[in-house]
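> Structure for this input, please:
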Amino acid sequence: MVVGQTKDAGFQTGVSETVPHPVETVWAYLTSPEGIAAWLGEGAELGTEKGDGYITAEGTTGELRSFHANDRVRLTWRPRDWDHDTTVQVAVSDAGGRTVLRFHQEWLADGDERLRQREHWREVLDRVVAGLSRGRSPG
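Coordinates of the predicted model:
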């Protein structure tokens, strides 16, 4: 196997950062319209029930797999020009009043896609951190 390839979930990648905000603040941002646009894409609406679908303005589609408030969300993620679904998980965990924020993607097609998506999620993480640092209140 090569870097980023697993026996159970194919190629995968992830990024994380500890941010100076409590879990509830980070979660509120991630699930606000601004936060959803920052990490999932413009135009997307994130449901809370398994099976809820979404589509972004750029044509990425998917379906919610699980939603656990102040913990994690799992969903399928498929850009318009891809021929396969992937799974994305966004998770938050307490780090003593700060929050560890993680984006993880599984079932990527190959090592090249893994590298492209790693860069994508780094950019997403930067956008989310910038949104949190602006102190915008969600909703």
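
> The spatially closest residue to residue 31 that is not a sequence neighbour: neighbouring residues, count only.
Excluding the flanking residues, the one nearest residue 31 by Cβ to Cβ, 6 or more residues apart in numbering is residue 46, at 6.3 Å. Placement of C-beta: from N, CA and C, glycine included. Residue 46 has 20 neighbours, counted by other Cβ atoms under 10 Å.

> Where does pLDDT dip in the chain?
1-9, 136-139 (pLDDT under 70).

> Can you tell me what sits against the helix ranked longest in the chain?
In the chain, assigned by DSSP state H, the helix with the most residues is helix 111-133. By Cβ atoms under 8 Å, 6 or more residues apart in numbering, the residues outside helix 111-133 that reach it are 2-5, 11-17, 19, 21, 25-26, 29-30, 34-35, 38-39, 86, 101, 103, 105, 108.

> Among these, name the ones in helices.
Short answer: the contacts of helix 111-133 in helices (DSSP H) are 25, 26, 29, 30, 34, 35, 38, 39.

> Dig out what residue 105 forms beta bridges with.
Beta-bridge pairing of residue 105 under DSSP bridges involves residue 13, residue 88.

> just checking, it touches residue 76?
No. Residue 105 is not in contact with residue 76 according to Cβ atoms under 8 Å; the separation is 10.6 Å.

> list residues touching both of those two?
86, 87, 88.

> Out of the residues you listed, flag the one nearest to residue 65.
Checking the shared contacts of residue 105 and residue 76 against residue 65 with Cβ to Cβ, the nearest one is residue 87 at 7.0 Å.

> Could you pull up the residues touching that closest one?
Taking Cβ under 8 Å, 6+ apart, one finds 9, 65, 74, 75, 76, 77, 105, 106, 107 in contact with residue 87.

> how about a cut-off of 6 Å?
Applying Cβ atoms under 6 Å, 6 or more residues apart in numbering to residue 87 gives the contacts 76, 106, 107.

> and if you look at residue 99?
19, 21, 23, 26, 92.

> if you set the cut-off to 8 Å instead, what comes out?
Counting by Cβ under 8 Å, 6+ apart, residue 99 has contacts 18, 19, 21, 22, 23, 25, 26, 92, 93.
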